[in-house]
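pasting the sequence and the predicted coordinates here, then a few questions.
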Protein chains: 2
Amino acid sequence: MKDKNISVAVIRRLPKYHRYLKELLDNDIKRISSKELSKMIGFTASQIRQDLNNFGGFGQQGYGYNVEDLYNEIGKILGLTRPYNVVIVGAGNLGQALANYSSFDRLGFKLQAMFDVNPKVIGLKINNVEVLDMDKFESFVNEHNVEIVYICTSRDGAQDVADKIQRTSAKAIWNFAPVDLKLKSNIIVENIHLIDNLLTVSYFLKESNDAL
Amino acid sequence: MKDKNISVAVIRRLPKYHRYLKELLDNDIKRISSKELSKMIGFTASQIRQDLNNFGGFGQQGYGYNVEDLYNEIGKILGLTRPYNVVIVGAGNLGQALANYSSFDRLGFKLQAMFDVNPKVIGLKINNVEVLDMDKFESFVNEHNVEIVYICTSRDGAQDVADKIQRTSAKAIWNFAPVDLKLKSNIIVENIHLIDNLLTVSYFLKESNDAL
DNA sequence: AACGCCTTGTTATATATTTGACATTCTTTC
DNA sequence: GAAAGAATGTCAAATATATAACAAGGCGTT
């Protein structure tokens, strides 16, 4: 399956399709047209059809799309065909919040352990997952076939974790620290830069006030 | 100041400029050229110059940009010239994590209260901020001039909160629940859809494996 | 104080993305 | 079973975004 030349913009819309299709599935809706989906999701029908056609003709003329099939296909495209072992570094509030999200687990992101440097939290069990000493991080990741590391440390600790990750077999980082990690190898990184997002809120607030 | 016709893509890069300029400031670097900034930040120098020029000529030919001035200018553009009163709805791990981030406060996002429906957390103080009963939400928001509401509830509780918000004078929502809120009026919404983001990680993971 | 270098602001070009249009094909109804 | 209607897949046009090129003008050094 070669999904070549698919733009990142398309990829970032896929989870939204996945989410809405799940909702339709849960409501026992069997079929959906791009036009109906467009009304729900807010993209144009044209865009929806074009997005989906990047990956194959999932629909049928005169009928639309079978909800269950399309949901499964998009799941496949997103890589939800097998579980992924993950660990969390940083067992503060945020790390604990992520550890408690059952939806990640349900989608196949299996939390194997958490890590921290703080003796006060080492040894704790969060949602049945133990917080281990950061000393054990590299060996644990390699031995347990961990593929994704969630970085929930402070800004200052994050690059250090990233450096450690590069010495393991882990392939991807989900970074919540407000810093852009410097990585040599071809490790996948997705950032959740909360501050960046909050600043766009204040931008739009300012704009809406200026407009008055 | 009319920032008309500025694309959202540009706006979403501004916080990143802001972040890097802060770093330069902290390191006592007085001037920076678009070329140098390009190396740090990963955008082309051309894009940096074009982005900045949407808002005015902050630089000087033959010299570059004054770091402090540019930092302040971007802060102004982002609306960081005055504080914003905010509240958090949902005092679980995530809500508590956000309540504890001092960087939000430092930028002017002033947490006035937290709200929850769970009697077990009502009355708690997180980082000196009290968790109040959700009953008091609407009156509190109106009386304390709250402009931004962070929604940290479960998926199912979020729309309910959004409905309440629409009956108050609040103007913006920062939504962490995995759902697209339905809003009638012109309320500003920024979503942090964690699952969507995580699914792009698994997509890229799958891709990199397929490429082998 | 003059010359060369540097870097911006800005225009032009190239690329990427979105929207629109329509022929084709399947569904459904009569 | 034929005809009308509906919705896809796809191509073309329009729009948006990013890159490149360069003229103009300040900086710094001699």
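Nice, thanks for sending it over.

burial check on the nearest residue to residue A:138 once chain neighbours are set aside, number of neighbours?
Spatial nearest neighbour of residue A:138, excluding adjacent residues (C-beta to C-beta, 6 or more residues apart in numbering or on different chains): residue A:168 at 5.3 Å. In short, each C-beta sits where N, CA and C put it, glycine included. Neighbour count for residue A:168, taken as other C-beta atoms under 10 Å in any protein chain shown: 17.

equivalent analysis for residue A:156, please.
As a burial measure, residue A:156 scores 9 neighbours (other C-beta under 10 Å).

kindly confirm whether my reading is correct that residue A:182 touches residue A:162.
Yes. Using C-beta atoms under 8 Å, residue A:182 is in contact with residue A:162, at 7.2 Å.

who's more crowded, the two?
More neighbours surround residue A:162 than the other of residue A:182 and residue A:162, with 23 against 9 (other C-beta under 10 Å).

helix, strand, or coil at that one?
With DSSP: H, G, I helix; E, B strand; the rest coil as the basis, the three-state label of residue A:162 is helix.

go on, the one 3 residues further on?
With three-state DSSP as the basis, residue A:165 sits in helix.

mean confidence for the longest helix along chain A?
For chain A, the longest helix by residue count, based on DSSP state H, is helix A:8-26. On average, the pLDDT along helix A:8-26 is 97.

could you show me where the helices are in chain A, in order?
For chain A, the helices defined by DSSP H occupy A:8-26, A:34-41, A:45-53, A:67-77, A:93-100, A:102-107, A:137-143, A:155-166, A:194-210.

what does the shortest one contact?
Read it as helix A:102-107. The contact list for helix A:102-107, computed with C-beta atoms under 8 Å, 6 or more residues apart in numbering or on different chains, reads A:80, A:86, A:98, A:111, B:178, B:195, B:198-199.

can you check the first one too?
For helix A:8-26, contacts defined as C-beta under 8 Å, 6+ apart pick out A:32, A:37, A:40-41, A:43, A:48, A:51-52, A:54, A:67-68, A:70-71, A:74-75, A:77-78, B:178, B:193, B:195-197, B:199-200, B:203.

what about chain A, any weak spots by pLDDT?
Along chain A, segments meeting pLDDT under 70 span A:1-4.

how about the residues of it near DNA strand D?
Neighbours of DNA strand D within chain A, by C-beta under 7 Å from any atom of the strand: A:32-35, A:45-46, A:49-50, A:52-53, A:57-65.

are any of those buried, and if so which?
A:32-34, A:49, A:52, A:59, A:64-65 (16 or more other C-beta atoms under 10 Å in any protein chain shown).

let me see the contact set for residue A:91.
A:99, A:114-116, A:118, A:121, A:124, A:126, A:131, A:152.

farthest pair in those residues?
A:99 and A:118 (15.3 Å; C-beta to C-beta).

between these two, who's got more neighbours?
Remark: of residue A:99 and residue A:118, residue A:99 carries more neighbours, 23 against 13, as counted by other C-beta under 10 Å.

now do the same contact list for the nearest residue to the more buried one once chain neighbours are set aside.
Leaving out its chain neighbours, the residue that sits closest to residue A:99 by C-beta to C-beta, 6+ apart is residue A:126, at 4.5 Å. Residue A:126 sits next to A:91, A:95-96, A:99-100, A:114 when contact means C-beta under 8 Å, 6+ apart.

ok, residue A:100 - how many residues close by?
When neighbours are counted by other C-beta under 10 Å, residue A:100 registers 16.

hmm, it is touching residue B:93, no?
Yes. Applying C-beta under 8 Å, one finds residue A:100 in contact with residue B:93, separated by 5.9 Å.

near chain B, anything from stretch A:178-189?
Yes. Counting by C-beta under 8 Å from any C-beta of the partner chain, contacts between stretch A:178-189 and chain B involve A:178, A:180, A:186, A:188.

do the longest strand along chain A and chain B come into contact?
In chain A, taking DSSP state E as the definition, the longest strand is strand A:109-116. Yes. Residues of strand A:109-116 contacting chain B under C-beta under 8 Å from any C-beta: residue A:109.

just how off-centre is that strand within its chain?
Offset of strand A:109-116 from its chain centre (C-alpha atoms, centre = their mean, to the nearest Å): 15 Å.

please name every helix or strand in contact with that strand.
With contacts defined as 3 or more C-beta pairs under 8 Å, 6 or more residues apart in numbering or on different chains; DSSP states H and E, the packing partners of strand A:109-116 are strand A:84-89, helix A:93-100, strand A:129-133, helix A:137-143.

residue contacts, the residue nearest to residue A:173 when sequence neighbours are not counted?
The spatial neighbour of residue A:173 that comes closest, neighbours along the chain excluded (C-beta to C-beta, 6+ apart), is residue A:189 at 4.8 Å. Applying C-beta under 8 Å, 6+ apart, we find residue A:189 in contact with A:172-173, A:175, A:181, A:183.

next one: phi and psi at residue A:44?
Taking degrees, to the nearest 10, you get phi -70, psi 150 for the backbone angles of residue A:44.
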